[in-house]
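Engineer: A structural model of the following input is requested.
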Amino acid sequence: MKKLFHRCRPLLILAVFATLLISVPVMAKDKTVNVGKLKNGGYLDYEGTTQSHKFIYHRINVPSDGAVGVIGIRVKNGSKYSIKAAMCDSKKARIDYYTNCTLFDSGDDNSMAQVYGLKKGVYYLRMQNNSPGSKYFVTFYYLKYSNGGASKAKARSMSAGKKYSMLIGAGTSASTSAWYKLKVNGSRQVILTVSTEGQGTFKIQITGSRMNQSDTIKAGQGFDFTLYGLKGSKKIALSAGTYYVKLSKSSKRTNGYAELSWKYK
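Structural biologist: Sure, this is the predicted structure:
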């Protein structure tokens with residue numbers, strides 16, 4: 001699967017304040033800037049200059065559930081540096097998997113971007129400032145994703161050979177899950193293909209008649225699962241019936257999305 005941010009193009013803050021009889025470094029209040037509303041399949045760029053703030057918050061509006069990729073770079077005296085950042089919710093509370101993730105746009109495979117699963121709403125990318133007087137550039141890329149059902153009872157149907165998405169939003173509860181179901185005709189062998197992007201580790205579980213398979217997938221990885229039934233300890237082909245696929249979090253801060261499809265072997 002193409003990485004979400006392989007399609008992205010290139011796009012921190014201390015203050016010195018003199019007080020009393022000597023110069024003492026003092027952090028100014030945090031700064032908030034409005035980047036704007038994201039559009040499906042589009043880029044949104046922001047260019048700024050670091051000044052005297054501990055953090056700069058970049059406000060974005062996510063119009064509907066989807067994946068948001070972020071990349072950035074800081075430039076000073078002709079040299080390029082990485083950016084330390086974290087995604088925050090509408091109250092500026094960190095929902096990022098990392099305390100500070102690293103963003104760096106080198107223009108090649110050595111670039112470091114982050115991909116988030118975000119529900120509809122307002123978010124802030126918090127950037128840590130440690131070098132006043134730098135130019136910096138941040139780019140956001142957004143893709144709207146349809147999602148699986150929120151519970152087994154609301155699981156959405158998957159047809160063989162078609163691709164589907166499952167979103168796990170940042171800032172949602174640790175029990176958040178997404179569900180799909182597939183219907184197998186006759187006694188058949190089935191291959192389920194799953195690829196993921198985001199942060200942390202996902203859990204996947206497939207259940208149905210005489211079968212219960214589960215595994216973990218680290219964000220950025222993908223696997224082919226051969227689905228099978230069990231007769232005692234013996235693996236057998238799946239019998240006719242409906243099978244359920246559940247994607248969930250391994251920890252509260254896990255977030256991102258999965259793309260999945262299935263076929264008969």
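Engineer: The stretch 151-265 of the chain: helices as residue ranges?
Structural biologist: Taking DSSP state H, counting those that start in this stretch as the test, none of the stretch 151-265 of the chain falls into helices.
Engineer: where along it do the strands fall?
Structural biologist: Per DSSP state E, counting those that start in this stretch, the stretch 151-265 of the chain carries strands over the ranges 156-158, 164-168, 177-184, 190-199, 201-208, 211-218, 222-227, 229-231, 234-236, 241-249, 255-264.
Engineer: Now mean pLDDT, mean neighbour count and distance to Asn147 too, for the ones you listed, in a markdown table please.
Structural biologist: For glycine as for every other residue, the C-beta is placed from the backbone atoms N, C-alpha and C. Listed next are those as a markdown table, based on pLDDT from 0 to 100; neighbours: other Cβ atoms under 10 Å; distance: least, Cβ to Cβ, whole Å:
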| stretch | mean pLDDT | mean neighbour count | distance to Asn147 |
| --- | --- | --- | --- |
| strand 156-158 | 96 | 15 | 8 |
| strand 164-168 | 94 | 24 | 5 |
| strand 177-184 | 96 | 21 | 6 |
| strand 190-199 | 96 | 21 | 14 |
| strand 201-208 | 95 | 19 | 14 |
| strand 211-218 | 92 | 14 | 17 |
| strand 222-227 | 92 | 15 | 19 |
| strand 229-231 | 83 | 15 | 28 |
| strand 234-236 | 85 | 12 | 31 |
| strand 241-249 | 96 | 20 | 10 |
| strand 255-264 | 95 | 22 | 8 |
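Engineer: between the ones you listed, which gets nearest to Asp108?
Structural biologist: Proximity to Asp108 (Cβ to Cβ) singles out strand 190-199 among those, at 19.1 Å.
Engineer: now the strands of the stretch 151-265 of the chain in CSV, with distance to Gly78?
Structural biologist: Output for these, formatted as CSV (distance: least, Cβ to Cβ, whole Å):
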stretch, distance to Gly78
strand 156-158, 52
strand 164-168, 40
strand 177-184, 46
strand 190-199, 32
strand 201-208, 39
strand 211-218, 37
strand 222-227, 39
strand 229-231, 63
strand 234-236, 61
strand 241-249, 43
strand 255-264, 35
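Engineer: right, and these - which one's nearest Ile83?
Structural biologist: Among these, the nearest to Ile83 by Cβ to Cβ is strand 190-199 (16.4 Å).
Engineer: what's the spacing between the closest one and its chain's center?
Structural biologist: 14 Å (Cα atoms, centre = their mean, to the nearest Å).
Engineer: What distance do you get for Ser233 to Lys84?
Structural biologist: 51 Å (Cβ to Cβ, to the nearest Å).
Engineer: Which one of these two is surrounded by more residues?
Structural biologist: Each of Ser233 and Lys84 has its neighbours counted (other Cβ atoms under 10 Å); Lys84 has more, 19 against 5.
Engineer: Go ahead and report the secondary structure state at the more buried one.
Structural biologist: Using DSSP: H, G, I helix; E, B strand; the rest coil, the three-state assignment for Lys84 comes out as strand.
Engineer: Make sure it is actually in contact with Met127.
Structural biologist: Yes. At 7.2 Å, Lys84 counts as touching Met127 under the criterion of Cβ atoms under 8 Å.
Engineer: Show me how the protein divides into domains.
Structural biologist: As given by automatic domain parsing, the domain ranges for the chain are 4-144, 152-264.
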